[in-house]
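Student: Structure of the sequence below:
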Amino acid sequence: MFALILAAILILPPPQSDAVIGVSAIHLETGKRLSVRNMERFPMGSVYKFPIALAVLKRVDAGTLSLQQVITIEPRDFAPGWSPLRDAAHKRPIILTLGELLEHMISQSDNTASDALLKIVGPVAVNARLAELGSSGIRIDRSEKQMAADIRKRGGVEQYAIDARDTSTPDGMADLLETFWKGRDGLTRESHALLVDLMTQSPTGARKLRAALPAGWSVAHKSGSMPGTSNDVGVLTSPDGKQHIVLAIFSKRATSADEVVDADIAAIARKVIEELGR
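Tutor: Down below sits the predicted model:
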């Protein structure tokens with residue numbers, strides 16, 4: 001009964017885009033939740049790099065991987081889409097430590113780094129890690145390279161919006177972020193702090209959650225974009241550090257320009273802060 005009292009439907013600001021939008025927000029100190037389309041599946045885009053990082057760091061803590069180990073990525077394994085690493089390589093092999101690849105995947109959202117790390121741990125292990133954390137509604141299936149190939153097929157953009165692979169519900173992601181932020185992620189203190197720092201320092205998605213922050217607020221987040229999809233998820237912290245809002249905003253089926261969808265995401269984030277960050 002208490003949970004029902006704390007849950008409420010979020011009244012979205014008037015949209016400027018034609019995107020289908022799902023939202024889940026949790027005020028960590030009070031437990032109050034706001035949501036809309038919270039149990040509907042949405043393609044994650046690069047948001048899925050956050051669960052991949054959780055699986056990689058768990059292996060680091062177990063000693064089967066090391067942040068210092070050197071990884072070589074051959075040009076044949078370069079991923080399409082956003083990849084500053086690929087662009088700077090000029091068709092030559094990339095040689096970086098696993099820790100550097102993790103930084104590029106989370107802070108810069110580099111697709112080549114993501115595919116390299118997913119290849120090391122595998123989708124099965126990432127999904128198993130999510131299950132261990134009690135996360136539901138999230139699944140990891142394909143590399144960025146595979147997703148791009150599927151999207152390029154006839155009708156691929158439309159299929160991407162309804163494909164169950166590499167999707168999350170807003171509630172599923174919000175719950176995972178809460179588990180992470182409260183230190184129930186099964187990571188060592190060092191690995192947890194590293195991931196928080198990489199998400200806090202990430203400059204991606206500047207028009208999304210970051211654009212909605214009141215003065216003094218901060219956000220540790222992971223954004224994501226694909227054709228027809230724009231997302232941003234993270235934990236917002238008040239200037240005095242006494243309020244924390246977990247927020248997952250997903251979109252799909254948009255034909256509007258990216259900046260218009262991003263403006264809707266920022267407007268929703270502002271509304272959530274107004275409702276929960278009082």
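Student: going forward, measure contacts between C-alpha atoms and count neighbours the same way
Tutor: Noted.
Student: State the distance from residue 116 to residue 145.
Tutor: Between residue 116 and residue 145 the computed distance is 11 Å (Cα to Cα, to the nearest Å).
Student: So those two - more neighbours on which side?
Tutor: A side-by-side neighbour count of residue 116 and residue 145, using other Cα atoms under 10 Å, places residue 116 first with 23 against 17.
Student: how about the helices of this protein, start to end?
Tutor: For the chain, the helices defined by DSSP state H cover 2-6, 49-62, 84-89, 98-107, 111-121, 123-132, 144-152, 156-162, 170-181, 189-201, 209-212, 258-276.
Student: Show me which helix or strand of this protein is least confident by mean pLDDT.
Tutor: Lowest on mean pLDDT, DSSP states H and E among the helices and strands of the chain sits helix 2-6, with a mean of 44.
Student: quick one: contacts for the closest residue to residue 40 other than its chain neighbours?
Tutor: With sequence-adjacent residues excluded and distances taken as Cα to Cα, 6 or more residues apart in numbering, residue 40 is closest to residue 169, at 5.3 Å. Residue 169 makes contact with 38-42, 137-138, according to Cα atoms under 8 Å, 6 or more residues apart in numbering.
Student: what's the answer for residue 257, then?
Tutor: Contacts of residue 257 by Cα under 8 Å, 6+ apart are residue 17.
Student: For residue 230, see how far away it is.
Tutor: Residue 257 is 10 Å from residue 230, by Cα to Cα.
Student: ok so, going back, I'd like the contacts of residue 169 written out as CSV, with pLDDT and neighbour count added.
Tutor: As requested, those are exported to CSV (pLDDT from 0 to 100; neighbours: other Cα atoms under 10 Å):
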residue, pLDDT, neighbour count
38, 96, 24
39, 96, 16
40, 98, 17
41, 98, 25
42, 98, 31
137, 94, 18
138, 98, 25
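Student: what's the closest of the residues you listed to residue 204?
Tutor: residue 42 (19.7 Å; Cα to Cα).
Student: I figured the closest one hits residue 165, correct?
Tutor: No. Using Cα atoms under 8 Å, residue 42 makes no contact with residue 165, being 9.5 Å away.
Student: Show the low-confidence segments of the stretch 1-150 of the chain, by residue range.
Tutor: The stretch 1-150 of the chain contains residues with pLDDT under 70 at 1-6.
Student: Quick one, which of the helices of the chain gets closest to residue 225.
Tutor: It is, among those and with distance given as Cα to Cα, helix 258-276, at 8.6 Å.
Student: For the closest one, which residues meet the burial criterion?
Tutor: Within helix 258-276, the residues scored as buried using 16 or more other Cα atoms under 10 Å are 258, 260-273, 276.
Student: which other helices and strands contact it?
Tutor: In terms of contacts (3 or more Cα pairs under 8 Å, 6 or more residues apart in numbering; DSSP states H and E), helix 258-276 is packed against helix 209-212, strand 229-237, strand 244-252.
Student: ok, and what's touching the second one?
Tutor: It refers to strand 229-237. Under Cα under 8 Å, 6+ apart, the answer for strand 229-237 is 43-45, 47, 161, 173-174, 177, 181, 205, 208-209, 217-225, 243-254, 258, 261-262, 265.
Student: redo that, cut-off 7 Å
Tutor: 177, 208-209, 217-225, 243-254, 261-262 (Cα atoms under 7 Å, 6 or more residues apart in numbering).
Student: same question, the first one
Tutor: Helix 209-212 is touched from outside by 232, 266-267, 269-270, with contacts defined as Cα under 7 Å, 6+ apart.
Student: try it again with 6 Å
Tutor: 266, 269-270 (Cα atoms under 6 Å, 6 or more residues apart in numbering).
Student: ditto for stretch 91-109
Tutor: 67-75, 110, 113-114, 198, 202.
Student: Next, the buried residues of stretch 129-136.
Tutor: 129-130, 133, 135-136.
Student: Same list (these) but as CSV, adding distance to residue 236.
Tutor: Formatted as CSV, the buried residues of stretch 129-136 follow (distance: Cα to Cα, whole Å):
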residue, distance to residue 236
129, 24
130, 22
133, 22
135, 20
136, 22
